[in-house]
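Peer 1: A structural model of the following input is requested.
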Amino acid sequence: MVSVAKPPPNLPDTPEDRRRWSRRPASRPAEILAAGFEVFSETGYERSTIADVGKRAGVSPALVMHYYGSKADLFEAVLHDRFGRFMAAEEALLASHRGSYRDLLHQLIRRLWDYVWEPGSIELALAVKAARDEFPQGTRTVSQLGGRWRGLIEGVLEAGRMQGEFRTSGPLVARVIAATVMGVVEAHRCFGRVEHHPSSPDELWSTLVDFLDHGVLAAQGDSQ
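Peer 2: The predicted structure follows:
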C-alpha cells in the first residue's frame with residue numbers, strides 16, 4: 001500500500017467525497033480497512049462489494065479501489081490488518097516475558113481467547129472458511145498466521161517441558177490447543193443463542209484453563 005500526501009489522480013467522484021478527503025487524507029486507508037472488516041464480517045466475502053465498503057467508510061468505490069485495487073486485495077489486506085497485527089503483538093509479548101512458562105502459556109491463550117470474542121473476529125474467520133473455494137488466498141493467509149501462533153505455543157510448551165513445568169509439547173499439542181480455542185468460540189457464536197442453558201465466556205474460559213492444565217502440566221515431583 002502506497003502512502004500519498006495529496007489527492008490521487010482519480011479523485012473521489014462526488015463533492016462530499018472530496019470534502020472528506022481534504023479533511024483527513026492520512027486516515028483514509030485505515031478507515032477503509034475498518035469498514036472492510038465490518039462489511040466482510042457481517043455479510044461474508046461473496047456477498048460483499050467494493051460499493052458496500054465505500055458506503056460504510058463514507059467514500060466512493062473509486063477511492064477504495066485506489067488504495068486496495070480489488071475486493072480480493074482488500075479482503076487480504078483486512079485479514080493481515082486484523083490478524084497480522086495481533087500476531088505481531090503476541091510475538092512481542094513472548095520476547096519480553098519473564099516468569100513461568102505456565103503463566104506465559106495462559107497469557108498467550110487468554111489473549112487469543114479475548115481477541116476472537118471481539119465482535120467480528122470469529123465472523124471474519126468464518127467468512128474465510130466460506131470463501132475458501134472462491135478465494136483460496138484468504139485461506140492460505142489465515143493458515144500462515146495461525147501457523148505463526150501455533151509456533152509460539154509450541155515453543156513455550158517445549159521450553160516449559162525442558163524446565164519441568166509441562167509434561168508434553170510438540171506441534172500436535174499446539175494445533176489442538178488452537179483448534180480448541182477457535183472451536184469453542186465458533187460453536188458458541190453459531191449455536192449459543194439456541195441452547196437452553198448457554199454458557200458464558202467466563203465459564204467456558206475457566207473450563208478451558210482446567211482442561212489445559214490437566215492436559216499439559218507436569219504433576220508435582222515429576223522428573224524432566
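Peer 1: Can you give me the buried ones in the top helix by length along the chain?
Peer 2: Of all segments of type helix in the chain, defined using DSSP state H, the longest is helix 136-162. Of all the residues in helix 136-162, those buried under the rule 16 or more other Cβ atoms under 10 Å are 138, 141-142, 145-146, 149-150, 152-154, 156-158, 160-161. Glycine gets a C-beta too; all of them are placed from N, C-alpha and C.
Peer 1: Output the contacting helices and strands for it.
Peer 2: helix 71-79, helix 85-96, helix 101-117, helix 121-130, helix 171-191 (3 or more Cβ pairs under 8 Å, 6 or more residues apart in numbering; DSSP states H and E).
Peer 1: Three-state assignment for the spatially most central residue of the chain, please.
Peer 2: Nearest residue to the geometric centre of the chain (Cα atoms, centre = their mean): Phe83, 3.4 Å. Reducing the assignment to helix, strand or coil with DSSP: H, G, I helix; E, B strand; the rest coil, the entry for Phe83 is helix.
Peer 1: about what we covered before: gap between the longest helix of the chain and the chain center?
Peer 2: Between the centre of helix 136-162 and the centre of its chain there are 13 Å (Cα atoms, centre = their mean, to the nearest Å).
Peer 1: quick one: that helix to helix 171-191, angle?
Peer 2: Angle, helix 136-162 to helix 171-191, by axes from the mean of the first three to the mean of the last three Cα atoms, to 10 degrees: 130 degrees.
Peer 1: ok so, going back, for the closest residue in space to the residue nearest to the centre of the chain that isn't next to it in sequence, list the residues it contacts.
Peer 2: Distances taken as Cβ to Cβ, 6 or more residues apart in numbering put Leu145 closest to Phe83, at 4.8 Å, once the chain neighbours are dropped. For Leu145, the contacting residues are Leu79, Phe83, Gly84, Met87, taking Cβ atoms under 8 Å, 6 or more residues apart in numbering as the criterion.
Peer 1: Kindly report the same for Gln107.
Peer 2: Contacts for Gln107 (Cβ under 8 Å, 6+ apart) come out as Leu93, His97.
Peer 1: how much space is there between it and Ala218?
Peer 2: Shown here: Gln107 relative to Ala218, a distance of 19 Å by Cβ to Cβ, to the nearest Å.
Peer 1: Is Arg98 in a helix, a strand, or coil?
Peer 2: Under the three-state scheme (three-state DSSP), Arg98 adopts coil.
Peer 1: I'd like to know how many residues surround it.
Peer 2: 6 (other Cβ atoms under 10 Å).
Peer 1: how far away is it from Gln107?
Peer 2: Using Cβ to Cβ, one obtains 12 Å as the distance from Arg98 to Gln107.
Peer 1: for Asp210, same thing?
Peer 2: With the distance defined as Cβ to Cβ, Asp210 ends up 17 Å from Gln107.
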